[in-house]
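Visitor: Sequence isn't available, so here's the structure alone:
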């Protein structure tokens, strides 16, 4: 499994069942989400990541069943471009100028 150390303490406690927690439209989004999950200590398996110079298509992120809740909480906390635009609009006045 990508980003998972089989010799890590407690690794023998995993059920071996994987749960899909995210499907992204692009490879870039998938790799970024995988990196964020791994930084939080969540082991991740990616599927759909194309090989070669033209990496395209959706990417699925799978985590061990025991990490599903943690992974979903981490992914929910990731700000999206829509969140940034909403925050910028909230800081602007009714005329579109910053207050």
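Guide: Thanks, I have it. Since this is a predicted model, take the numbers as computed values, not measurements.
Visitor: so when I look at residue 22, I'm seeing a helix, right?
Guide: No. Residue 22: not assigned to a helix; according to DSSP: H, G, I helix; E, B strand; the rest coil it is strand.
Visitor: quick one, what contacts it?
Guide: Counting by Cβ atoms under 8 Å, 6 or more residues apart in numbering, residue 22 makes contact with 30, 33, 60, 61, 75. Yep, even glycine has a C-beta here, placed from its N, CA and C like the rest.
Visitor: who wins for most neighbours among those residues?
Guide: residue 61 (26 neighbours; other Cβ atoms under 10 Å).
Visitor: Tell me how far the nearest residue to it once chain neighbours are set aside lies from residue 54.
Guide: Excluding its sequence neighbours, the residue lying closest to residue 61 (Cβ to Cβ, 6 or more residues apart in numbering) is residue 22, at 4.4 Å. Distance, residue 22 to residue 54, by Cβ to Cβ, to the nearest Å: 22 Å.
Visitor: Export the contacts of residue 22 as JSON lines, with columns for pLDDT and secondary structure.
Guide: Listed next are these as JSON lines, based on pLDDT from 0 to 100; DSSP: H, G, I helix; E, B strand; the rest coil:
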{"residue": "30", "pLDDT": "91", "secondary structure": "helix"}
{"residue": "33", "pLDDT": "94", "secondary structure": "helix"}
{"residue": "60", "pLDDT": "94", "secondary structure": "strand"}
{"residue": "61", "pLDDT": "96", "secondary structure": "strand"}
{"residue": "75", "pLDDT": "94", "secondary structure": "helix"}
